[in-house]
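Chemist: Sequence plus the predicted model coming up.
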Amino acid sequence: MGLFTGAIRFPGNHAQPVAAHTAVSNPSDANHLFANNVRFLSMAAVIAEHAISVYPKLHHLDAPPLAMLCLVQLLKFGTIAFFLVAGFLFGERIDQYSSLQYYGRRLKNVLLPWVVWYVCYCGLRIGTDVVHGLVSFHSPGAFRYLFAECVSGGLLGTPYWFVPNLLIALAVLLIFRRVLRDVRVGAAFAVVSLLYAANIYGQWIPVQHSRAVLGFVFYLWLGAWASWHFATVNKWLARIPAVVMLSLIALAIVLAIGEAKMLVSLQSADPMNTLRITNQVFSVLVVLAIMKLRHAAWPRFVDVRRHTFGLYLTHPIGLAAIKQLLPVIAAAAFWGTPIGAALSLPIAFIITYGGCLLVVRTLLACPWLRWTVGLAGAKDSATARRAHQGENLAIRRPLSSGLPLETTETLVPLSPLR
C-alpha cells in the first residue's frame, strides 16, 4: 500500500481528507476514525484478494499452493469487517429513523447504484461471449445461459452478492429491532453463523459463503452492539498490549491456513470460505486491532466516506478488464513464471484500485451521475459535504477544544467483497 500513501490531489474533490498521520484524542471522534479505518483497510484487502483471481495459472490448479493460501488468508478479514462496520453505523443511527425510513434510505442509496453496476457487469460478460461467438440466443439453452451468467456467475460468483446479503441482514435486524439490545438475540444470530461454518463440512446446503443468506447477520448485530458499548469496548481494548493482540492474530492466521489446507484435502467447494470458524475469529481480531489505532490509516487522496462504495461497485468490472489486459502487457507464458506470478498481483491491484478510484472521482464530479456511486443529489451532497468537512475539522482538534463532532448519515457502510 506504500504506493498509495503520497499526497496526491485531484480536481473536483471538495472534501478535505484527514491527514494520514493525524492523531485522535477525543473519544467522541474515535468511533468515526475507527469506522473509516476499517472501511479503507477492508476495501483495499477485498480488492487485493480479488486481484489474485486474475493470475492466469491459478485457474489451472487443482489445489492452490501454500503461498497462495497464506496470501489470501492475510486478506480474508474484509467481508466480515464490512458487516461489522455496517452494523456499527446502523447502531449509531437507527434511533434517528423509523424502520421504514431507514430501510427506504438504504434501498435508495445502496440498491439503485448496485443495480446499475450489476447490470453493466452482466452485460459485459454476455456481450463478450456474444462477440467471441461463444453463445447464440437462438439456441435452446439461451435462457439457461442467461440465468447462469446473471445469477451463478454475475451475482453469486462475484462481489456483487454482498449488497443483497447486507440488505437482507438489515431487514432481519429491523424485524427484531425491539429486542436487539438483548444479548440472547445476538447469541441466536451467532448460532446461525456457526451452523454455516459447520455446513462447510456437512454440506447440507450450498457451501459457498456468497449463498449464506443469514450467515452474516450476527456480525451486523455485533457491530451495532459495539456502537452501543463503544466506551466499554475501548477501555477493554486499552488493557490488551499490542504484542498480545498481534500474537493472537498470528495464531488465528496459522489456524485458518491449517483449516483451509484441511478443506482442500477434503475437496471442499470453497476451502477459503469466509465463514470458516477460524476466519471468523481472525476477522474479529483484525477489526479489534484496527479499533486500537489512534491515527488515520488512509492516504490523503482517498476520501473514505465518498469513495468506498464506488470502489466496491466498480472493481469487479476493473478486474475483468485486467484479465484481458494482462496478456497484452506480456505474453501469457510470462505470467506462469515465478517473476510473472509475483508481478501480476501488484499490477492487477494497482491498476484496479487506481483506475476505479479515478472513475469514482469522475462520477462524483458530475452532479447528475454521483448517485451511481451512492452519493445523493447535488443539494443533499452539498449538505453532506459541509458536515463531512466539519467532521474532519473535529477530528483534527484536540480534546481540549470541546467542540462536538458534526456528523451526517454515512451513505454506504460498505464493501464486500467476495
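Modeler: Structure's in. What do you need?
Chemist: Can you list the buried residues in the lengthiest helix in the chain?
Modeler: When the chain is parsed with DSSP state H, its longest helix is helix 338-365. Going by neighbour count (16 or more other Cβ atoms under 10 Å), the buried part of helix 338-365 is 340-341, 343-345, 347-349, 351-353, 355-357, 359-361, 363-364. C-beta: built from backbone N, CA, C; applies to glycine.
Chemist: which stretches of the stretch 301-418 of the chain have low pLDDT?
Modeler: Applying pLDDT under 70 to the stretch 301-418 of the chain flags residues 330-332, 336, 376-418.
Chemist: my read: residue 146 touches residue 125, true?
Modeler: No - the pair residue 146 / residue 125 is not scored as a contact, 10.3 Å apart, by Cβ atoms under 8 Å.
Chemist: circling back to that earlier point, report all helices and strands that the longest helix of the chain contacts.
Modeler: Under the contact criterion of 3 or more Cβ pairs under 8 Å, 6 or more residues apart in numbering; DSSP states H and E, helix 338-365 touches helix 27-51, helix 304-329.
Chemist: Report the inter-axis angle for it versus helix 304-329.
Modeler: Counting by axes from the mean of the first three to the mean of the last three Cα atoms, to 10 degrees, helix 338-365 lies at 140 degrees to helix 304-329.
Chemist: can you give me how far helix 338-365 is from the chain middle?
Modeler: Centroid separation between helix 338-365 and its chain, computed with Cα atoms, centre = their mean, to the nearest Å, is 16 Å.
Chemist: Could you list the low-confidence segments of the chain?
Modeler: For the chain, the ranges with pLDDT under 70 are 1-31, 56-64, 132-139, 141-142, 330-332, 336, 376-418.
Chemist: Which positions in stretch 199-211 come out as buried?
Modeler: For stretch 199-211, by 16+ other Cβ under 10 Å, it's 199-200, 207, 209-211.
Chemist: repeat for stretch 233-246
Modeler: 233-234, 245.
Chemist: What strand or helix carries residue 145?
Modeler: Assigned by DSSP states H and E, residue 145 falls within helix 142-147.
Chemist: List the buried residues in that helix.
Modeler: For helix 142-147, using 16+ other Cβ under 10 Å, the buried residues are residue 145.
Chemist: could you give the angle of the helix or strand following it to helix 27-51?
Modeler: Counting by DSSP H and E, the next helix or strand C-terminal to helix 142-147 is helix 162-175. Interaxial angle, helix 162-175 versus helix 27-51 (the same axes, to 10 degrees): 140 degrees.
Chemist: counting contacts, what elements does helix 162-175 pack onto?
Modeler: Judged by 3+ Cβ pairs under 8 Å, 6+ apart, helix 162-175 is in contact with helix 78-93, helix 99-106, helix 217-228.
Chemist: and residue 295, which of those helices is closest to it?
Modeler: helix 78-93 (17.5 Å; Cβ to Cβ).
Chemist: for the closest one, which positions count as buried?
Modeler: Residues 78-93 are the ones in helix 78-93 that count as buried (16+ other Cβ under 10 Å).
Chemist: And stretch 158-166, by the same measure?
Modeler: Quick answer for stretch 158-166 (16+ other Cβ under 10 Å): 158-166.
Chemist: Kindly report the same for stretch 44-52.
Modeler: Buried positions in stretch 44-52, judged by neighbour count with 16+ other Cβ under 10 Å: 44-52.
Chemist: ok, now how distant is the residue lying closest to residue 216 once chain neighbours are set aside from residue 289?
Modeler: Leaving aside its chain neighbours, residue 216 sits nearest to residue 83 (4.7 Å; criterion: Cβ to Cβ, 6 or more residues apart in numbering). Taking Cβ to Cβ, to the nearest Å as the measure, residue 83 and residue 289 are separated by 17 Å.
Chemist: And residue 187, by the same measure?
Modeler: Taking Cβ to Cβ, one finds residue 187 at 24 Å from residue 289.
Chemist: out of these two, which sits in the more crowded spot?
Modeler: Set residue 187 next to residue 289 and count neighbours by other Cβ atoms under 10 Å: residue 289 wins out with 17 against 11.
Chemist: Can you check what angle separates the stretch of helix or strand that one belongs to from helix 78-93?
Modeler: Residue 289 belongs to helix 277-291 when assigned by DSSP H and E. Calculated by the same axes, to 10 degrees, helix 277-291 forms an angle of 50 degrees with helix 78-93.
Chemist: list the helices and strands helix 277-291 packs on?
Modeler: Partner elements for helix 277-291 (3+ Cβ pairs under 8 Å, 6+ apart): helix 27-51, helix 78-93, helix 183-202, helix 230-238, helix 242-265.
Chemist: Ends of stretch 96-115, what's the gap?
Modeler: In stretch 96-115, first residue to last residue: 27 Å (Cα to Cα, to the nearest Å).
Chemist: Mind listing what's buried along that stretch?
Modeler: Result for stretch 96-115 [16+ other Cβ under 10 Å]: buried residues 102, 106, 109-110, 113-114.
Chemist: what's whichever strand or helix holds residue 67 in contact with?
Modeler: Residue 67 is part of helix 66-74 when elements are defined by DSSP H and E. Outside helix 66-74, the residues that touch it by Cβ atoms under 8 Å, 6 or more residues apart in numbering are 49, 52, 58, 64, 253, 256-257, 260-261, 264, 272, 279, 282, 345.
Chemist: Reformat the buried residues of stretch 158-166 as a markdown table; add distance to residue 182.
Modeler: Listed next are these as a markdown table, based on distance: Cβ to Cβ, whole Å:
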| residue | distance to residue 182 |
| --- | --- |
| 158 | 36 |
| 159 | 33 |
| 160 | 33 |
| 161 | 29 |
| 162 | 27 |
| 163 | 28 |
| 164 | 27 |
| 165 | 24 |
| 166 | 22 |
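Chemist: one step back: which one of the helices and strands packed on helix 162-175 lies nearest to residue 131?
Modeler: Nearest to residue 131 among these is helix 78-93 (32.8 Å), distances taken as Cβ to Cβ.
Chemist: Only alpha carbons, please: show that closest one as PDB.
Modeler: The C-alpha coordinates for helix 78-93 follow below in PDB (Å, rounded to 0.1, in the frame of the first residue of the first chain):
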ATOM      1  CA  GLY A  78     -12.500  -7.700   4.600                       C
ATOM      2  CA  THR A  79     -16.100  -9.200   4.300                       C
ATOM      3  CA  ILE A  80     -16.800  -9.700   8.000                       C
ATOM      4  CA  ALA A  81     -15.100  -6.400   8.800                       C
ATOM      5  CA  PHE A  82     -17.600  -4.600   6.400                       C
ATOM      6  CA  PHE A  83     -20.600  -6.300   8.100                       C
ATOM      7  CA  LEU A  84     -19.200  -5.200  11.500                       C
ATOM      8  CA  VAL A  85     -18.700  -1.600  10.500                       C
ATOM      9  CA  ALA A  86     -22.100  -1.600   8.700                       C
ATOM     10  CA  GLY A  87     -23.700  -2.800  12.000                       C
ATOM     11  CA  PHE A  88     -21.600  -0.200  13.900                       C
ATOM     12  CA  LEU A  89     -23.100   2.700  11.800                       C
ATOM     13  CA  PHE A  90     -26.500   1.100  12.000                       C
ATOM     14  CA  GLY A  91     -26.400   1.100  15.800                       C
ATOM     15  CA  GLU A  92     -25.300   4.700  15.800                       C
ATOM     16  CA  ARG A  93     -28.200   6.000  13.600                       C
END
